[in-house]
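**Q** Next comes the sequence, and after it the predicted model I'd like to discuss.
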Amino acid sequence: MQTILIQVVFWLIRCLPVRLAGALGAGLGRAGFYLDNRHRSVTLCNLARIYPQHDRQWRRHKARESFAELGRTTFELPHVFLRSRSFLRSRVQIDGEQAFREAMQEGHGVFLAACHHSNWEMGGLMISLLGYKSIIIYKPLRQAPLESYLKRCRKRFGACLRSRLDGLRWLPKALKDGAPISIMIDQHQSNGVPIPFLGHLANTTTLPASFAFKHGTPVFGVALHRIGKGFHFRLQFWPIPTPESSGDKNADYYHLMHDISRSFEDIIHQRPELWLWPHRRWRILEQEQQLCEIVHGTP
């Protein structure tokens, strides 16, 4: 019944013009900013950490627009998951695909590093829509009916989804077969390595770096830029060179992941509201602050 309800809701939103659906979602997102105290607090704290030079009013505006972007993206999903290949392709400009295609033609696979920026579901779908045998490493939802339905939608142009809980024994063969492996690098990883993200340490996966140094796998960044506030985008690819190995594995992984993270900084700074600020990206710093308060009795 839950799956049927989800499908009915998606179908109803799909019947709306996509710009109207996005505008409705943005309005609900702005309302959510005032109603969701917990995520509003996380968003404002994150913005204060990254943009201390801006006043409270500026950060509050960006936080509210971040909620609006999340609502807009959510209400666009029925169009992303149910509209035709030709419709979706007509809404996206491609930038930098030639270098990515040349790397793919080498036949050794590519790691695609991405962030939760703009309509990231649209960005993830575009790789398979462009004809690449995409494999996406993702975190499954806890709600089984929604997870099952969204997984089918994400795979509809031929992508393969691999849960990050399933281990990595499949990965070397996938790269040997020439697959592009997409992975989000902007989520907190409890077993990750502290690496600067937007200038502050955050636990980050080192998976792309480990394969880049061990197997020579090329690494590219990819981001979907929203043009204005409508359902028009620019998908951007850019290569991230792997530096010469220093002989210190940990240092090598750190420096490459730092380069990968830093390559997203200008993209996020250009339009901060397009990034997912309600996520507790800098959790390790929050934990350090809490420990300091416990030990010293002061912030």
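**A** Structure's in. What do you need? What you see is a predicted model; the values in this text were computed from it and never measured.
**Q** going forward, measure contacts and count neighbours with C-alpha atoms only.
**A** Will do.
**Q** For the protein, which segments count as strands?
**A** Per DSSP state E, the chain carries strands over the ranges 92-95, 110-114, 135-138, 160-163, 180-184, 193-197, 200-204, 219-226, 233-239.
**Q** For the stretch 151-299 of the chain, give me the ranges with low pLDDT.
**A** Low-confidence segments of the stretch 151-299 of the chain (pLDDT under 70): 288-299.
**Q** mind listing the helices for it?
**A** Taking DSSP state H, counting those that start in this stretch as the criterion, the stretch 151-299 of the chain contains helices spanning 171-176, 207-215, 249-262, 265-270, 283-296.
**Q** Quick one: list the elements packing against the first one.
**A** Helices and strands in packing contact with helix 171-176 are not found; criterion 3 or more C-alpha pairs under 8 Å, 6 or more residues apart in numbering; DSSP states H and E.
**Q** quick revisit: out of the strands of the chain, which gets nearest to residue 65?
**A** strand 219-226 (13.5 Å; C-alpha to C-alpha).
**Q** Show me the strands paired with the closest one, marking each as parallel or antiparallel.
**A** Strand 219-226 pairs in its sheet with strand 110-114 (parallel), strand 233-239 (antiparallel), by DSSP bridges.
**Q** I'd like the ones you listed as CSV, with mean neighbour count and distance to residue 84 appended.
**A** Formatted as CSV, the strands paired with strand 219-226 follow (neighbours: other C-alpha atoms under 10 Å; distance: least, C-alpha to C-alpha, whole Å):
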stretch, mean neighbour count, distance to residue 84
strand 110-114, 25, 24
strand 233-239, 19, 16
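**Q** Of these, which is nearest residue 62?
**A** For these, the distance to residue 62 is smallest for strand 233-239, at 20.2 Å, taking C-alpha to C-alpha.
**Q** Contacts for that closest one, please.
**A** With contact meaning C-alpha atoms under 8 Å, 6 or more residues apart in numbering, strand 233-239 is reached by 91-97, 99-100, 123, 218-227.
**Q** now the strands paired with strand 219-226 as JSON lines including distance to residue 177?
**A** Below are these laid out as JSON lines (distance: least, C-alpha to C-alpha, whole Å):
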{"stretch": "strand 110-114", "distance to residue 177": "11"}
{"stretch": "strand 233-239", "distance to residue 177": "20"}
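**Q** and the closest residue to residue 48 other than its chain neighbours, how many neighbours does it have?
**A** Distances taken as C-alpha to C-alpha, 6 or more residues apart in numbering put residue 59 closest to residue 48, at 7.0 Å, once the chain neighbours are dropped. For residue 59, the number of neighbouring residues by other C-alpha atoms under 10 Å comes to 22.
**Q** what helices or strands is the top helix by length along the chain leaning on?
**A** Ranked by number of residues, the top helix in the chain under DSSP state H is helix 56-82. Applying 3+ C-alpha pairs under 8 Å, 6+ apart, one finds that helix 56-82 makes contact with helix 2-14, helix 18-35, helix 37-50, helix 120-129, helix 144-154.
**Q** other SSEs contacting the shortest one?
**A** Using 3+ C-alpha pairs under 8 Å, 6+ apart as the contact definition, the elements that helix 120-129 packs against are helix 56-82, helix 144-154, strand 219-226.
**Q** run the last query once more with 7 Å
**A** Contacting helix 120-129 under the criterion 3 or more C-alpha pairs under 7 Å, 6 or more residues apart in numbering; DSSP states H and E is no other helix or strand.
**Q** I'd like to know the average pLDDT value across it.
**A** Helix 120-129 shows a mean pLDDT of 96.
**Q** How about stretch 40-47?
**A** Mean predicted lDDT for stretch 40-47 stands at 97.
**Q** Give me the contact list for it.
**A** Stretch 40-47 is contacted by residues 33, 59, 60, 63, 277, 278, 280 when judged by C-alpha atoms under 7 Å, 6 or more residues apart in numbering.
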